[in-house]
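S.K.: Could you look at this predicted model? Sequence included:
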Amino acid sequence: MTAAWITAILLGMAVLLASVRLVLWYRSAAAPSFKRLIALLSLQPICAVLLFLALFPPAVTVGNATLRIATQGTPRLGAMGSPLILLPEAPDIGAGEHVPDLATALRRHPGTSEIIILGNGLTPRDIEAAKTVTVRFDPPPQRPGISHIAPPSIVAPGSSFRVGGQLSALPRATVELLDPAGQVTDSVQADADGRFALTGTARAAGAVLFTLRVRDGRRTVEQASVPVLVADSPAPRLLILSAAPNAEIKYLRRWASDAGFAVTTQMSAGGGIALGDAPIAIDGATLRRFDVAIIDDRSWAARRGVVMGAVRDGLGLILRASGPIDAATRGQWRALGFGLAGKDGVAPLALPKALPPAIARTRQGIGNDDVPADIALPDEMLPEISRLGLTPDGGDAVPLLRDAGGATLAAWRAVGTGRVALFTGIDSYALTLTGYRTLYGDWWSAMLATVARPAPGMTPITTSGWADERMTPCGLSATAQVERPDGRQANLLPVGGCGAFWPDKAGWHLLRQPGDSRSTPFYVQSADALPVMRAARDRDAMLMLRPPARDDRAATGQPSPGSSWPFALGWLLVSALLWWLERARIGRATVPQSAK
């Protein structure tokens, strides 16, 4: 039972008792007045009702508290209702009030507490204004196409890179990455959720466009430009430590040198004999000169203290297994935060199918254009490559590499300002001897790029931008400028610590800041490019706005409690009238006095 019901019952009982008292008074009065009794009996329930309404005022509907906002994709029948606001991108659906933006609509309709969004949703222009009200939005089903693309950051010449993304309403579609020459550099099938990851190879330095193509069978569903910024940077300094010379170190050093690393190798031949480059002291001062180190399990134990000190200062570290590890090494690696779940010993490593020759040739990298593509061998001739039976999952470790069977081959975690990766593959050099030379390069390139100390350089702009839509790059000076593709200059307008810029054409733009001789290229998509991705971006921004709350009656369209003061004033006046009428002599019969 609610408080309103309890109060109503108590007031009803009070009215009943008061009425009984008045009737008894009327019957015992010497000169009763029937009109006076009727007036008092009538005022008792009126007083009770007014008191109840003062305590629980009736709900009222606030006029003009909700606006219906028509955006792009609003159907004509779905826009029926009043009042209706038409934003510039809304279709011509008949009657409605045209406004340039949502903020104007809210100023013209003060007191608006809720907006109902029709169509695909608000654009970034109106998101800030929508944060001041509650928002009702039922997103339409996503159309088939590319809903997200994650382009690479700055890529060094000759290095491989990865492009990730997701498709909507296209499970198991084929996604291809084409290089600037139009050659397919990678092809994958999206998973059940539409996610995909493609690998390409950068060539000479510069700003280039790769192409992402989505095919459903033989039909091309959509294709989009993927900007890739290829820039020269200082050669990463790599230190390789091994307890003995072996084929793994030989091929790893050769690959790293071809990939542009400045490699220093130290190997022990026993009896105090060191092989490789000129001997160096493994101490904190020496390790600060390197960006990343690769150390096998047998070299790790004697140097882990000084190496971990360097990692906390920013050095990248890759620990690799040369074979089954002992209990001491297993405990030390677990102490670094790697789970190492599974059985001791070694396990077979599942390899994917070799790339087709046409795709493998586009992935060879700079300096290997004349090298024949890897050949695909029969299964019985595949290289014998194993991995530790222990997988580095769990804890704070982030999976980095997996084999074709889904087993984790490498994982990494942060330690101080540096990163540590654990690679469980054994004798990975055998990949280079058959049809998996590209896979070998992808593995080591991914691990080194993940953990290496970041080199100083330009900060790329990875935010997607479209022509005729505002972009707001941040971390800029107040006088930053943008050079358009046609050479025109534009100043960025300061907006909350960022700079606002309205590109009017698609293409590569140059961002310039005072005091910095370098310019940062960034790409702007055409206004009609990636429509599904733009719709998904707006949809995600809309779903982050404040929805109607359960206890917010105005926001949910329910009646809100009205004002109680008129009923309280009425109760006070009726109560005063009752008090006066019970004590006044009006209506009382006059009894004549007996003669003395």
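M.R.: Good, I have the coordinates. Numbering: from 1, shown residues only.
S.K.: all contacts plus neighbour counts: C-alpha atoms, from now on.
M.R.: Fine.
S.K.: Enumerate every residue touching the closest residue to Arg402 other than its chain neighbours.
M.R.: Ranked by Cα to Cα, 6 or more residues apart in numbering and with sequence neighbours excluded, the top spatial neighbour of Arg402 is Thr408, at 4.4 Å. Thr408 makes contacts with 391-393, 399-402, as judged by Cα atoms under 8 Å, 6 or more residues apart in numbering.
S.K.: Would you mind giving these as CSV with pLDDT, distance to Arg484 and neighbour count added?
M.R.: Formatted as CSV, those follow (pLDDT from 0 to 100; distance: Cα to Cα, whole Å; neighbours: other Cα atoms under 10 Å):
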residue, pLDDT, distance to Arg484, neighbour count
Thr391, 91, 50, 23
Pro392, 92, 48, 29
Asp393, 81, 47, 21
Pro399, 92, 41, 19
Leu400, 92, 38, 19
Leu401, 92, 40, 20
Arg402, 92, 42, 16
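S.K.: Could you report the distance from the spatially most central residue of the chain to Pro485?
M.R.: In the chain, the residue lying closest to the centroid (Cα atoms, centre = their mean) is Asp540, at 8.7 Å. Noted for Asp540: a distance of 31 Å to Pro485, by Cα to Cα, to the nearest Å.
S.K.: Next one: the nearest residue to Ala480 once chain neighbours are set aside, what pLDDT does it get?
M.R.: Once flanking residues are discounted, Ala480 sits nearest to Gln513: 4.6 Å by Cα to Cα, 6+ apart. Looking at Gln513, its pLDDT reads 82.
S.K.: ok, now the one 5 residues further on?
M.R.: pLDDT recorded at Arg518 is 77.
S.K.: I'd say it and Arg512 touch.
M.R.: Yes: under the criterion of Cα atoms under 8 Å, Arg518 makes contact with Arg512 at 7.2 Å.
S.K.: follow-up on the earlier one: looking at the contacts of Thr408, which are in strands?
M.R.: 391, 399-402 (DSSP state E).
S.K.: Let me know the closest of those to Ile318.
M.R.: Distance to Ile318 across the ones in strands among the contacts of Thr408 (Cα to Cα) is lowest for Leu400, with 11.9 Å.
S.K.: out of everything not next to it in sequence, what's closest to the closest one?
M.R.: Ala411 (4.7 Å).
S.K.: So the one you found versus Pro91, what's the distance?
M.R.: 51 Å.
S.K.: out of those two, which sits in the busier spot?
M.R.: Each of Ala411 and Pro91 has its neighbours counted (other Cα atoms under 10 Å); Ala411 has more, 24 against 16.
S.K.: Which helix or strand contains the more buried one?
M.R.: strand 408-415 (DSSP states H and E).
S.K.: Grab the CA positions of that strand and hand them over as PDB.
M.R.: Extracted in PDB, the C-alpha atoms of strand 408-415 (Å, rounded to 0.1, in the frame of the first residue of the first chain):
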ATOM      1  CA  THR A 408      49.300 -18.200 -28.400                       C
ATOM      2  CA  LEU A 409      52.900 -18.000 -29.600                       C
ATOM      3  CA  ALA A 410      53.800 -14.600 -28.200                       C
ATOM      4  CA  ALA A 411      52.400 -12.200 -25.600                       C
ATOM      5  CA  TRP A 412      53.600  -9.000 -24.100                       C
ATOM      6  CA  ARG A 413      53.100  -6.800 -21.100                       C
ATOM      7  CA  ALA A 414      54.300  -3.400 -19.800                       C
ATOM      8  CA  VAL A 415      57.100  -3.200 -17.200                       C
END
